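Undergrad: all I have is the shape, not the residue letters:
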């Protein structure tokens, strides 16, 4: 596929780490229409500048979305529809997360519910919006739904049990999508990061993770790739 036929990339949960690096990597491979979503408008502007530093010609829109407020997600996605305009949706990256300690039993139930809304219910809401659009372009593009995961979906850490629970739910959802839609022409997959993301990490750095996402998207075979340090 030539670069000028690429559709749009939508990043849900943009930020200075994985989200913006994936957007920058995809833009360098011909994705010039990019829509970034996050709760923090000022951070979104920094992410757009970061992508433009590599791809000045990229057409970038930034929109605020708070996945914890599930009743507001549909209206936020309507704004994404408007930003897409005539450009078909080709790839979605779901990268939204709330990362922090959560102690078993002591962690308030309301906080677990909040995490589940952001990472699982929010992801499902985006899936419901995206899949029909991705199926609609399978004959002309390479549609995909990608998700940032973590090794804790299968090897939970009690000190961050809430994140572990949510990543398990996400993995199950994306796995179900992979089974259902692969033969229908939409690739669904995830990158499981097995460590803290930082620039000084040999494997778990944002640039390497972004390259793994691109390889996964291009190869379109396996459900996931896991990245581990050490």
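TA: Now that the structure is in, tell me what you want to look at. Since we're looking at a predicted model, the values are computed, not measured.
Undergrad: can we go C-alpha only for contacts and neighbour counts from here?
TA: Will do.
Undergrad: low-confidence regions, the chain specifically.
TA: Residue ranges of the chain with pLDDT under 70: 1-4, 230.
Undergrad: ok, now which ones touch the residue nearest to the spatial centre of it?
TA: Centroid check for the chain by Cα atoms, centre = their mean gives residue 94 as the closest residue, at 2.2 Å. Shown in contact with residue 94 (Cα atoms under 8 Å, 6 or more residues apart in numbering): 11-13, 123, 145-148.
Undergrad: in the sheet, who's paired with it?
TA: Counting by DSSP bridges, residue 94 is bridged to residue 12, residue 147.
Undergrad: how close does it get to residue 145?
TA: Distance, residue 94 to residue 145, using Cα to Cα, to the nearest Å: 8 Å.
Undergrad: check which helix or strand covers residue 107.
TA: Using DSSP states H and E, residue 107 falls within no helix or strand.
Undergrad: count the neighbours of it for me.
TA: Using other Cα atoms under 10 Å, residue 107 has 14 other residues around it.
Undergrad: and residue 226, by the same measure?
TA: Here the count is done by other Cα under 10 Å, and residue 226 has 15 residues near it.
Undergrad: so which helix or strand takes in it?
TA: Here residue 226 is assigned to strand 224-228, by DSSP H and E.
Undergrad: what lines up beside that strand in the sheet?
TA: Under the rule (DSSP bridges), strand 224-228 has strand 187-194 (parallel) as partners.
Undergrad: helix or strand right after the strand it pairs with?
TA: helix 206-219.
Undergrad: which strands or helices does that next one pack on?
TA: Under the contact criterion of 3 or more Cα pairs under 8 Å, 6 or more residues apart in numbering; DSSP states H and E, helix 206-219 touches helix 18-28, strand 187-194, strand 224-228.
Undergrad: contacts for it, please.
TA: Taking Cα under 8 Å, 6+ apart as the rule, helix 206-219 contacts 17-18, 21-22, 25-26, 144, 146, 187, 189-191, 193, 197-199, 203, 222, 224-225, 227.
Undergrad: pull out the buried residues from these.
TA: Among the contacts of helix 206-219, those buried by neighbour count (16 or more other Cα atoms under 10 Å) are 17-18, 21-22, 25-26, 144, 146, 187, 189-191, 193, 197, 203, 224-225, 227.
Undergrad: how near is the residue nearest to the centre of the chain to residue 221?
TA: As for residue 94, its distance to residue 221 is 19 Å (criterion: Cα to Cα).
Undergrad: just checking: what are the partner strands of the one helix or strand residue 34 maps to?
TA: Using DSSP H and E, residue 34 sits in strand 33-38. Looking at strand 33-38 with DSSP bridges, its partner strands are strand 8-12 (parallel), strand 59-64 (parallel).
Undergrad: what sits against residue 27?
TA: Residues near residue 27 by Cα under 8 Å, 6+ apart: 34, 51, 55, 58.
Undergrad: ok, residue 66 next?
TA: 38-39, 72-73.
Undergrad: and for residue 130?
TA: Residue 130 sits next to 89, 92 when contact means Cα under 8 Å, 6+ apart.
Undergrad: that one belongs to a helix, doesn't it?
TA: Yes. Under DSSP: H, G, I helix; E, B strand; the rest coil, residue 130 sits within a helix.
Undergrad: roughly how far does it sit from residue 36?
TA: For residue 130, the distance to residue 36 equals 15 Å [Cα to Cα].
Undergrad: before we move on, what about residue 157?
TA: When residue 157 is compared with residue 36 (using Cα to Cα), they lie 30 Å apart.
Undergrad: out of those two, which sits in the busier spot?
TA: The neighbour comparison of residue 157 against residue 36 (other Cα under 10 Å) goes to residue 36, with 27 against 17.
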